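>>> Sequence and predicted structure are below.
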Amino acid sequence: MANVVPVDAYSTGEWYPGYKPEYFDMPWIVDPAGPFKPGDENQFWFLDFHWSRGLTPLGATLWSGDGYCWGTQHAAESLPLPPGRGVTARFAGTHLYGSALPETDPREIEARAGRIATNLPYFLTNYRSIWESGRDELENTWSYFRGIDFSQVRGDELPNLLAQGRRYHKRAMEIHFGVMYPMLANFLGFYGACADMGINPNEIGKFLQGEDTKIMETDRKLYDLALKARAAGLEPVFEAHDGGQLRDALARHGGAASIWLTEFDEFLRIYGYRAEATCDVGVPSWVEDNTIPLNLVKTFLQRRDSHDFDQAARNAMAEREEAIENARAGLTREEQAVFDAGLTSNQQANFPWWQDDHNYYIDLKVMLPLRWGCQELASRVKADRHDDMLYLFWPELRDVASGDKPYDASLRGLVDARRQYFDHWHGRRSEMPKVLGTIPEAVEDPILIEIFGLNPHSIRAVQNPDAAAQTTISGVAAAKGTVRGIARVLQSSDELHRLEPGSILICESTSPNWTPAFGKIAGCACDGGGMLSHAAIVGREYGVPTVTATGVATLSISDGDEVEIDGTNGTVTILTKAADVVAPAAGATSEVPA
């Protein structure tokens, strides 16, 4: 009998205060987004790690509606994916759960297989031009928005500007998944061929590592700023203040600090239009709020031995070439031909590289123009806070912007109630079930397996009632090496400043906004994430032992525990519980070569 985790507690028909079903009436292809409803327990739902804060009403519209339910379904139907029709979304409070939409009709699966057999080779042959044209289209739209002074826009133009901001986000999702799905399909074909030839699955991800990305470039530039701060004698200023105070403190310091701030602002002009969440209009960019990048510089300065990015890149390339050579050595001549053809195809359309690089152009910034428009509207209607408009659903936002609905006391009260609702559910994140609905023995959707890490082991792990009592947990051996250190259990990337050099990052999973952490941590363990997840990719590139898809790392491990990460064998061991010691020392205690 199938194991069912009830959704009853979340399918009451209630959601944000004042919510009406028509507020979420938007285009969809296979299945629309919305709060949980009766009958949803018949599907399998996973808690999506990308939005551990939860989503505001407007943020929920953008991602669940335009991202999951339009972007993935549009791409899966267009390619098509033979066994899957994309992803849909439901909300438990403010927290988003996703579910793969399977294609179950054997005849339709066969027909879709025929179409992808025609479409995929064309895509792979033209991958570079397809991706670059999509990227350039988005960059042109970005330049258009950057050239607008929102404060000077006429009132009758603002509604259209908001609509353009949403369309930019939605178009980005079409491009995102339209490139992602065929690349992933190609990789999985190669992965399956390698597995059939007896190649260790843990080695396959290494074949494509060692390629530079815009996200890694950002990290290097930020690290360079930390080294310049050290050379300028600014360490005492960083030590004495946190990120929220640092800019003012550096400005008061004057002299070398003023010169450093000028360089920092130039860095932000190029790399600072990124937020600490994927496509979340509710989160400020580094330009708007300098706290995160300044705190990262501060923690980089705490590291006595500088992280050698160039050496890490050389190591990743050397590991790649060694893994390829070892794999080929065990194959027959015929198998080598199959391997070489698949490898060449995947090197040309490199999914692990794209998976990180595209975030600079899409995931971390395409929601910002809509955010700017909302802030300008909040100023014009004299809202209580600059982010009040983010607590409106899209039809409400449109009505306020057009003047059809005044931002009066009633709507202000509703926004305040929704803000309280958001804060309430944010505080409940750690208790949210990792999975809901009908739990399968195994998941077939490749995105859920390779990116979200929903394999049979992780699915069983999250159903274990004794998970919190475990001292050894296992997962995907994502990046090799063994290291010991003090665990820092983080709920979101807002807390990256809590990571000391040499500490062990424990989290639900990571996305590109977490990348700077890999320049200072000793190891990483995640609840989710497969071999193609961000943590796995960056762990390999930075040489940080990493275990993903544990299912229960954040449940079993407490902040301050001493743990061992074995990224070679995919295990995490709690050596000492924080509760059992008086004052554990921070940082790694020993490192064992892989």
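Arrived safely, thanks for sending.
>>> Need the per-residue pLDDT for the closest residue to Trp15 other than its chain neighbours.
Excluding the flanking residues, the one nearest Trp15 by Cβ to Cβ, 6 or more residues apart in numbering is Pro35, at 4.3 Å. In short, each C-beta sits where N, CA and C put it, glycine included. Predicted confidence (pLDDT) for Pro35: 96.
>>> pretty sure Pro35 contacts Ala9?
No: under the criterion of Cβ atoms under 8 Å, Pro35 is not in contact with Ala9, lying 11.7 Å apart.
>>> And the two? Which one has more around it.
A direct count of neighbours by other Cβ atoms under 10 Å for Pro35 and Ala9 places Pro35 higher, at 20 against 11.
>>> How about the contacts made by Glu441?
Residues in contact with Glu441, defined by Cβ atoms under 8 Å, 6 or more residues apart in numbering, are 456, 459.
>>> can you give me the mean pLDDT across the longest helix seen in the chain?
Determined from DSSP state H, the single longest helix within the chain is helix 158-196. Mean per-residue pLDDT for helix 158-196: 95.
>>> ok now stretch 265-280, how far from the chain's centre?
15 Å (Cα atoms, centre = their mean, to the nearest Å).
>>> Please apply the same query to stretch 487-496.
Going by Cα atoms, centre = their mean, where stretch 487-496 is centred and where its chain is centred differ by 14 Å.
>>> next one: stretch 347-356
16 Å.
>>> Check what contacts that stretch and list those residues.
123-124, 127-128, 131, 179-180, 182-184, 186-187, 205, 208-209, 211, 213, 215-216, 451, 512, 515, 532, 534, 537-538.
>>> Mind listing the shared neighbours of Pro35 and Ala9?
With Cβ under 8 Å, 6+ apart as the test, Pro35 and Ala9 both reach Ala92.
>>> mind showing which ranges of the stretch 101-250 of the chain have poor pLDDT?
For the stretch 101-250 of the chain, no stretch has pLDDT under 70.
>>> quick one: Thr471 and Thr573 touch, right?
Yes: with contact defined as Cβ under 8 Å, Thr471 reaches Thr573; the gap is 6.6 Å.
>>> Which of the two has more residues huddled nearby?
More neighbours surround Thr573 than the other of Thr471 and Thr573, with 16 against 13 (other Cβ under 10 Å).
>>> Surely the more buried one and Val563 touch.
Yes: counting by Cβ under 8 Å, Thr573 does reach Val563; the two are 6.5 Å apart.
>>> Could you list the domains of this structure?
Recorded structural domains for the chain (assignment: automatic domain parsing) are 3-180+363-431, 465-592.
>>> Mean pLDDT lowest where, among those?
When mean pLDDT is averaged over each of these, domain 465-592 scores lowest at a mean of 89.
>>> starting at the chain centroid, how far to that one?
Counting by Cα atoms, centre = their mean, domain 465-592 comes out at 17 Å from the chain centroid.
>>> First-to-last residue distance for stretch 154-163?
Using Cα to Cα, to the nearest Å, the end-to-end distance of stretch 154-163 comes out at 15 Å.
>>> where does stretch 200-207 sit relative to the chain's centre, distance-wise?
22 Å.
>>> Enumerate the positions of it that are buried.
Buried residues in stretch 200-207, counting neighbours by 16 or more other Cβ atoms under 10 Å, are found at 202-207.
>>> got it, and stretch 244-255?
246-247, 249-250, 253.
>>> do stretch 137-145 as well
In stretch 137-145, counting by 16+ other Cβ under 10 Å, buried: 138, 141-142, 145.
>>> And for Ile270, nearest residue in space, chain neighbours not counted?
Lys221 (7.8 Å).
>>> Counting neighbours, what do you get for the one you found?
14.
>>> check which helix or strand covers it.
helix 214-231 (DSSP states H and E).
>>> got the CA positions of the next helix or strand after that helix in CSV?
The C-terminal neighbour of helix 214-231 among helices and strands, as given by DSSP H and E, is helix 235-240. The C-alpha trace of helix 235-240 is given here as CSV (Å, rounded to 0.1, in the frame of the first residue of the first chain):
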residue,chain,number,x,y,z
GLU,A,235,40.4,44.6,8.6
PRO,A,236,39.7,46.3,11.9
VAL,A,237,36.8,48.2,10.4
PHE,A,238,35.3,44.9,9.1
GLU,A,239,35.9,43.2,12.4
ALA,A,240,34.1,45.9,14.4
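>>> how long is stretch 375-385 end to end?
Across stretch 375-385, first to last residue, Cα to Cα, it's 9 Å.
>>> Would you mind listing the buried residues in it?
375-378, 381, 383.
>>> so Ser99 makes contact with Asn42?
No: assessed by Cβ under 8 Å, Ser99 is found out of contact with Asn42, at 10.2 Å.
>>> For the two, list the residues in contact with both.
Joint contacts of Ser99 and Asn42 (Cβ under 8 Å, 6+ apart) are Gly437.
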